[in-house]
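J.: Generate coordinates for the sequence data below:
(one chain, ligands or ions: 1)
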Amino acid sequence: MALSLPEALAKLPRHPLLYSHPSPIHPLPALTSYLNNTPSTPSSKPTPQIRLFAKREDQSSLLACSGNKYRKLEYIVPDILSPQPLYSSYPNNTPHPNPTTQPTAKPTTLVTEGAVQSNHTIQVSSLANHLNLTSLVLLHKGTGGGLTAAHDKTSFLRTGNPQIAHLLGADVRVLEPGSTNGGQIDTVEPVLAELRAAGKTPYWIPSGASLHPLGGVGYARCAFEIAAQEKQLGARFDYIFVACGSGSTVGGLIAGFKMLERMESSSPPQKGNNKPPRKIIGIINSPTKPQTWHEERVLRFARQAGTLIGLEDAAQAITLEEDVHLDGRFAGAAYGVLDEDTKAAMEIAARKEALILDPVYTGKVLRGVMEWVEGGELVGDWEGRVGVAGDGDGEGPLNALFIHTGGQAALAAYADIE
Ligand SMILES: *Cc1c(COP(=O)(O)O)cnc(C)c1O
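T.: Residues are numbered from 1 along each chain as shown. Next comes the predicted model:
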């Protein structure tokens, strides 16, 4: 599918890791009628007010355990493969102060970190294999509450994602609580030094790839992919729900849609162009940090991605008030802990749509979608924005897109949670 990308975005180097076709978007008919409380026979009335769709980032790549990190990594690989990478440094991927004196060193080893059941680290290890590099993965026992909540801790440490990391051949280091990312003791630097002493050249990829300067570009591009799919489907997504963890997925989408809508508004009017902007809602999945912490980061990632894709005045164009909508109500007790309501949402998705969600991110997102739809908040929000009921064109239902970012491989580790 040819995407009409802004020039600056089209020029950024990208190494394809996803299928050449877009990840599928499909309707969720059973969930739609369930949440709108209408029978599911096609001829039934009344028309649902909100039609639900899913975008399947869990089916976007042929690499192991497809999920949202591959889309981000597509824009990082060209730097990884460069003989003189710009953004390989720990901790902030800041470019070398003087590129001309920067030593030439082609990376040999991708180094990253995450929680015990991190999906991101699996995608980095798969990428390493795909590029014929090696990977070293730091798993922090103390990140989130998954390990603490698990009855069978041995199983939590061995099944799900860690099992896959071993299968992929990653050098997996499991670190004790207190060594967490952002904690007092830096556990990364000694590992990098160890690699260098062994003659290797590490390339550091931060948690979720979000702090990497190129981390938001993949999802900015995804906005253009979604727009092309909207045309095929004949449906514009008035609301888009996605998980907010490290933040560059939602940040990238915000930047991409801002640019896209600017391009749409300067082209001849089409059906739907007179609608309010698509609203992107990030569902926070961890209560550890305050919502303002996430908002500040998402805003920063969105502006950074915006600048890279050619949004000229990104710092003015993207604002907290207008563009960054995060919802922290569904984070539950802790990162990585499956709560009753999330489990119920996962069961509904599985039983109504045969859609398997993950316990850490997408289960919480669907729970949020259900609350927004069933509780009438979504319709209320829309009416508040357009001033009238309906879809703003005076016809048809509202369309909401749920982005499935992957993560099902962690399910095995949650077998003992009831
Ligand atoms: C990493 C991850 C997310 C969160 O994406 P961020 O860009 O870190 O906010 C959501 N869902 C799944 C399954 C993930 O692995």
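J.: List the buried residues of the strand or helix carrying Ala227.
T.: Per DSSP states H and E, Ala227 falls inside helix 217-233. Buried positions in helix 217-233, judged by neighbour count with 16 or more other Cβ atoms under 10 Å: 217-227, 229-230. Quick note: C-beta positions are derived from backbone N, CA and C, even for glycine.
J.: for the record, mean pLDDT for that helix?
T.: In this model, helix 217-233 has an average pLDDT of 98.
J.: can you give me the offset of that helix from its chain's centre?
T.: 14 Å (Cα atoms, centre = their mean, to the nearest Å).
J.: Does the next helix or strand after that helix reach the ligand?
T.: Once the chain leaves helix 217-233, the next helix or strand it forms, by DSSP H and E, is strand 239-244. Yes - Strand 239-244 comes into contact with the ligand (Cβ under 6 Å from any ligand atom), by way of Ala243, Cys244.
J.: Tabulate the CA atom coordinates of the helix or strand that strand 239-244 is followed by in PDB.
T.: For strand 239-244, the following helix or strand on the C-terminal side (DSSP H and E) is helix 248-265. Extracted C-alpha coordinates of helix 248-265, given in PDB (Å, rounded to 0.1, in the frame of the first residue of the first chain):
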ATOM      1  CA  SER A 248       6.600   6.800  22.200                       C
ATOM      2  CA  THR A 249       3.800   4.700  20.600                       C
ATOM      3  CA  VAL A 250       1.200   7.200  21.700                       C
ATOM      4  CA  GLY A 251       3.600  10.100  21.200                       C
ATOM      5  CA  GLY A 252       4.400   9.100  17.600                       C
ATOM      6  CA  LEU A 253       0.800   8.600  16.700                       C
ATOM      7  CA  ILE A 254       0.000  12.100  18.100                       C
ATOM      8  CA  ALA A 255       2.700  13.600  15.900                       C
ATOM      9  CA  GLY A 256       1.700  11.600  12.800                       C
ATOM     10  CA  PHE A 257      -2.000  12.500  13.000                       C
ATOM     11  CA  LYS A 258      -1.200  16.200  13.700                       C
ATOM     12  CA  MET A 259       0.900  16.300  10.500                       C
ATOM     13  CA  LEU A 260      -1.700  14.200   8.600                       C
ATOM     14  CA  GLU A 261      -4.600  16.500   9.600                       C
ATOM     15  CA  ARG A 262      -2.600  19.500   8.600                       C
ATOM     16  CA  MET A 263      -2.100  18.000   5.200                       C
ATOM     17  CA  GLU A 264      -5.700  17.000   5.000                       C
ATOM     18  CA  SER A 265      -6.900  20.500   5.800                       C
END
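J.: residues in contact with the residue most central in space within the chain?
T.: Centroid-nearest residue in the chain: Thr249, 3.8 Å away (criterion: Cα atoms, centre = their mean). Thr249 sits next to Asn68, Lys72, Tyr219, Val242, Ala243, Ile403, Thr405 when contact means Cβ atoms under 8 Å, 6 or more residues apart in numbering.
J.: Mind doing that once more with 6 Å?
T.: Neighbouring residues of Thr249 by Cβ atoms under 6 Å, 6 or more residues apart in numbering: Asn68, Tyr219, Val242.
J.: Out of those residues, which comes closest to the ligand?
T.: Proximity of those to the ligand (Cβ to the nearest ligand atom) peaks at Asn68, which lies at 5.4 Å.
J.: what's around the closest residue to Gly251 other than its chain neighbours, how many residues?
T.: With Cβ to Cβ, 6 or more residues apart in numbering as the criterion, Gly251 has its nearest non-adjacent residue at 3.0 Å, and that residue is Phe301. Phe301 has 29 neighbours, counted by other Cβ atoms under 10 Å.
J.: so Phe301 sits in a helix?
T.: Yes - using DSSP: H, G, I helix; E, B strand; the rest coil, the assignment for Phe301 is a helix.
J.: next one: phi and psi at Asp238?
T.: When read as degrees, to the nearest 10, the backbone of Asp238 gives phi -70, psi -30.
J.: check contacts around it.
T.: Applying Cβ under 6 Å, 6+ apart, one finds that Asp238 lies in contact with Leu398, Asn399.
J.: Repeat that for Leu299.
T.: Counting by Cβ under 6 Å, 6+ apart, Leu299 touches Leu320, Val324.
J.: Glu322 versus that one, what's the distance?
T.: 11 Å (Cβ to Cβ, to the nearest Å).
J.: And for Leu110?
T.: From Leu110 to Glu322 the distance is 37 Å (Cβ to Cβ).
J.: out of the two, which sits in the more crowded spot?
T.: Between Leu110 and Glu322, counting by other Cβ under 10 Å, Leu110 is the more crowded of the two (26 against 11).
J.: Give me the distance between the more buried one and the ligand.
T.: Counting by Cβ to the nearest ligand atom, to the nearest Å, the separation of Leu110 from the ligand is 16 Å.
J.: And Pro276, by the same measure?
T.: Pro276 is 24 Å from the ligand, by Cβ to the nearest ligand atom.
J.: residues near that residue, how many?
T.: 12.
J.: Name the helix or strand for the residue nearest to it when sequence neighbours are not counted, please.
T.: The shortest distance from Pro276 to any non-neighbouring residue, by Cβ to Cβ, 6+ apart, is to Arg385 (4.8 Å). For Arg385, the host element (DSSP H and E) is helix 377-386.
J.: just the angle between that helix and strand 239-244, please?
T.: For helix 377-386 against strand 239-244, the angle by axes from the mean of the first three to the mean of the last three Cα atoms, to 10 degrees is 120 degrees.
J.: For helix 377-386, buried residues please.
T.: In terms of neighbour count (16+ other Cβ under 10 Å), helix 377-386 has its buried residues at Leu378, Val379, Asp381, Trp382, Val386.
J.: on that earlier part again, you'd agree the residue nearest to Pro276 is up against Pro277?
T.: No - judged on Cβ atoms under 6 Å, Arg385 makes no contact with Pro277 at a distance of 9.0 Å.
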